[in-house]
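Asks: A structural model of the following input is requested.
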Amino acid sequence: MASIPSSLPPTPPFVPPIAAPTPPNSSSAPPRPPRRKIFTEQDLAYWLRSEAYQHVETTILRLTAAVRGKANEVECHESEAAQQLSSFLRQIRGWVAEIPLQQGPQRFGNKAFRDWLSKVEEAEPAFQRDLVSSAHSPAVDPSLLLSELSFHFTSSFGSAQRLDYGSGHELSFLAYLACLCRLRIFNENDEQALVTRVFKEYIETCREVQRVFKLEPAGSKGVWGLDDHQHLVYLFGATQLVGHPSLRPASVLSVPTIEPLAPSYLFISSIMHIHTIKRGPFHEHSPLLHQIASTVPTFQKVTKGLWEMYKVEVLAKLPVVQHCRFGEYGLRWRDKETGAELPSSGDGRKDDEDEDDSADAVALLDAPIITPAPWAHAASTPSSVRPLPPSSRLSATTTASFSHRQHPTTFPLPHVSTVPSTTAHAPRSFAPPPLFPPRRPAASLASKQEPGGTVADEGGAAATSSPFGVLPKVGLGNEAVRDIER
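Replies: Just a heads-up that it's a prediction; the model follows:
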């Protein structure tokens, strides 16, 4: 096959091995468990200049380059460690069918997911100890990284507290692979197998978990996003299709054409997975994928756009990376230039305070629904609104994940008296808002015919900031067929 110019940054060198601590740690105390460091936008700026970010970015770029133009079944070097990890992922995937689902109404995903994840957490430590025993001449004792490896691995399947799964959990698995590469359990020869064998098994495990336990999408943009749960699988999958002799991005719109190729390519298997879990026209429930397939001419450009989107929508998004943890050896919270420890707005917090958000999430999931009607008169009856929690629970770590958290709420809150009023008031009428906007007169519709378009054309945040540029509007059916070579 002829050489194909890359549209990504130059492939960086392999991630550096873990260096011996200086000065050597003579203490017999075990290393501290990985800590949360990202709480605010200021911490996000430190994350982007940290060693950990550099190692994550390097691992993604190298894995992407390793599978350019290569299908899943292409023969490659597969080390014993890669085989062990793939086998363990298949094993825990089989446990999904063994966990009985909990019955009754549930607000989010099925709580049986917690039982499955608990079983994984029980079996995972022994597996990790066996896996790190194959590290090649590490400068530090591999057992010092067990707590860090365990956190990244168990966090990659979803949150047991919030019962959700998203691109941040997918990032946790990538962080897990980056740590294993730094330990030299994997080397440059393993990179293709890490995608076409290991990552493929991970994705299939997550899909089975989603199919059975129905976890909520974490931080999903709905139809305005690329996918409800994942992103890296599309990046790796698109680069697999670079230089394919017959497939083009527009080919994925034809299900009969791509269905037989789903086992061979991650991008196609992801498209087919969407067709199995969603109903309705593809351009309606996945408009961004539909526009990419309809308007981007080559998978080389798709790969470049997906990488730029990943850096903005995942690696640089506070609600996603705030759940990352940083250890003393694998992914470190240190400046990538100087090696100095970076500051964090969470410095001084106790270890157990990192889990405060999780406790709040469990309380939210288990709490009854108490949303009052917006027209209820709070002053006419004694207050039944729950009191605010103690001020210690109203720190920056318990605000909404999408808030900026730098400033407290400043809007005025009206005082509501709990004493029945003795002053006569004229009864207030309540007019509920219309369920649907009023229709325009038929004459105006006839005089102002606007061209049709997909929902992405109407202006979602992700659609307007797409790294693919301003994508042209596309029609449906025969109108979507265009000369992709132009």
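Asks: where in the stretch 201-350 of the chain is pLDDT low?
Replies: Low-confidence segments of the stretch 201-350 of the chain (pLDDT under 70): 219-225.
Asks: what ranges do the helices span in it?
Replies: In the stretch 201-350 of the chain, the helices defined using DSSP state H, counting those that start in this stretch lie at 232-240, 255-258, 266-277, 282-285, 287-295, 299-310, 318-321.
Asks: Hey, what's the angle from the third one to helix 299-310? Just curious.
Replies: Read it as helix 266-277. Here the directions of helix 266-277 and helix 299-310 differ by 70 degrees (axes from the mean of the first three to the mean of the last three CA atoms, to 10 degrees).
Asks: Return the distance of the nearest residue to residue 334 once chain neighbours are set aside relative to residue 19.
Replies: Nearest residue to residue 334, sequence neighbours excluded (CB to CB, 6 or more residues apart in numbering): residue 51, at 4.8 Å. To be clear about C-beta, it is placed using only N, CA and C from the backbone, and glycine gets the same treatment. In this view, residue 51 and residue 19 are 11 Å apart by CB to CB, to the nearest Å.
Asks: next one: residue 150
Replies: Per CB to CB, residue 150 is found 22 Å from residue 19.
Asks: Which one of these two is surrounded by more residues?
Replies: residue 150 (18 against 11; other CB atoms under 10 Å).
Asks: who's in contact with that one?
Replies: 121, 124-125, 128 (CB atoms under 8 Å, 6 or more residues apart in numbering).
Asks: one more time with 10 Å, if that's ok
Replies: By CB atoms under 10 Å, 6 or more residues apart in numbering, the contact set of residue 150 is 33-34, 121, 124-125, 127-128, 176.
Asks: got it, and residue 97?
Replies: 116, 208, 212.
Asks: Next, the buried residues of the helix or strand harbouring the first one.
Replies: Here residue 116 is covered by helix 112-132, with elements defined by DSSP states H and E. Counting neighbours by 16 or more other CB atoms under 10 Å, one finds that the buried residues in helix 112-132 are 112-117, 120, 124, 127-128, 131-132.
Asks: what does stretch 339-350 give?
Replies: For stretch 339-350, by 16+ other CB under 10 Å, it's 342, 344-346, 349.
Asks: Which stretches in the stretch 51-200 of the chain count as helices?
Replies: 51-66, 80-95, 112-132, 146-154, 167-182, 191-193, 200-213.
Asks: So what's the model's average confidence on the fourth one?
Replies: When pLDDT is averaged over helix 146-154, the result is 96.
Asks: angle of it against helix 112-132?
Replies: 130 degrees.
Asks: Next, the angle helix 200-213 makes with helix 146-154.
Replies: 60 degrees.
Asks: Would you mind getting the angle between helix 146-154 and helix 167-182?
Replies: Here helix 146-154 points in a direction 140 degrees away from that of helix 167-182 (the same axes, to 10 degrees).
Asks: repeat for the last one
Replies: Computed with the same axes, to 10 degrees, the direction of helix 200-213 lies at 150 degrees from that of helix 167-182.
Asks: now the angle between helix 80-95 and helix 200-213, please.
Replies: Using the same axes, to 10 degrees, helix 200-213 lies at 10 degrees relative to helix 80-95.
Asks: Quickly name whichever of the contacts of residue 97 is closest to residue 287.
Replies: Lowest distance from residue 287 to the contacts of residue 97 (CB to CB) belongs to residue 208, with 26.8 Å.
Asks: Could you check how far that closest one is from residue 164?
Replies: Applying CB to CB, the value for residue 208 to residue 164 is 16 Å.
Asks: More neighbours: these two, which one.
Replies: Using other CB under 10 Å, the more surrounded residue of residue 208 and residue 164 is residue 164, with 21 against 16.
Asks: What separation is there between the more buried one and residue 47?
Replies: Residue 164 is 22 Å from residue 47, by CB to CB.
Asks: What of residue 15?
Replies: Using CB to CB, we find residue 15 at a distance of 17 Å from residue 47.
Asks: try residue 286
Replies: As for residue 286, its distance to residue 47 is 30 Å (criterion: CB to CB).
Asks: ditto for residue 63
Replies: 21 Å.
Asks: Tell me which residues touch the residue found closest to residue 127 once you drop the neighbours it is linked to in the chain, please.
Replies: Once flanking residues are discounted, residue 127 sits nearest to residue 88: 5.3 Å by CB to CB, 6+ apart. Residue 88 makes contact with 120, 123-124, 127-128, 130-131, 153, 198, 201, 205, according to CB under 10 Å, 6+ apart.
Asks: go on, residue 307?
Replies: 7-9, 57, 60-61, 64, 231, 235, 238-239, 467.
Asks: Ok, residue 332 next?
Replies: Counting by CB under 10 Å, 6+ apart, residue 332 has contacts 18, 34, 50-52, 55, 148, 182, 326, 339, 341-342.
Asks: what about 7 Å?
Replies: Applying CB atoms under 7 Å, 6 or more residues apart in numbering, we find residue 332 in contact with 51-52, 326.
Asks: May I see those residues organised as JSON lines, with distance to residue 299 and neighbour count added?
Replies: Formatted as JSON lines, the contacts of residue 332 follow (distance: CB to CB, whole Å; neighbours: other CB atoms under 10 Å):
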{"residue": "51", "distance to residue 299": "32", "neighbour count": "20"}
{"residue": "52", "distance to residue 299": "30", "neighbour count": "24"}
{"residue": "326", "distance to residue 299": "34", "neighbour count": "22"}
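Asks: Could you tell me the average pLDDT over stretch 157-174, please?
Replies: Mean predicted lDDT for stretch 157-174 stands at 94.
Asks: picking that back up, wait, which of the contacts of residue 332 is closest to residue 227?
Replies: Using CB to CB, the contacts of residue 332 come closest to residue 227 at residue 52, 24.4 Å.
Asks: Once you drop chain neighbours, what's closest to the closest one?
Replies: Nearest to residue 52 is residue 331, by CB to CB, 6+ apart, at 3.8 Å.
Asks: Distance-wise, check residue 241 relative to residue 97.
Replies: Residue 241 is 32 Å from residue 97, by CB to CB.
Asks: one step back: to residue 144, which of the helices of the stretch 201-350 of the chain lies closest?
Replies: Among those, helix 318-321 sits nearest to residue 144 (CB to CB), with 24.1 Å.
Asks: ok so, going back, which of the buried residues of stretch 339-350 sits closest to residue 278?
Replies: Nearest to residue 278 among these, counting by CB to CB, is residue 346 at 38.3 Å.
Asks: Wait, that closest one touches residue 36, no?
Replies: Yes. At 6.2 Å, residue 346 counts as touching residue 36 under the criterion of CB atoms under 7 Å.
Asks: quick one on the thing from earlier: looking at the contacts of residue 332, spot the one nearest residue 266.
Replies: Closest approach to residue 266 among the contacts of residue 332 (CB to CB): residue 52, at 25.2 Å.
Asks: for the stretch 1-150 of the chain, which spans come out with low pLDDT?
Replies: 1-7, 21-29, 137.
Asks: Of the helices of the stretch 201-350 of the chain, which is nearest residue 40?
Replies: Nearest to residue 40, of the helices of the stretch 201-350 of the chain and by CB to CB, is helix 318-321 at 7.6 Å.
Asks: With just CA atoms, put the closest one into PDB.
Replies: Extracted C-alpha coordinates of helix 318-321, given in PDB (Å, rounded to 0.1, in the frame of the first residue of the first chain):
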ATOM      1  CA  LEU A 318     -13.800  20.400  33.300                       C
ATOM      2  CA  PRO A 319     -16.900  18.100  33.800                       C
ATOM      3  CA  VAL A 320     -15.000  15.300  32.100                       C
ATOM      4  CA  VAL A 321     -11.500  15.500  33.500                       C
END
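Asks: Right, I'll leave it there.
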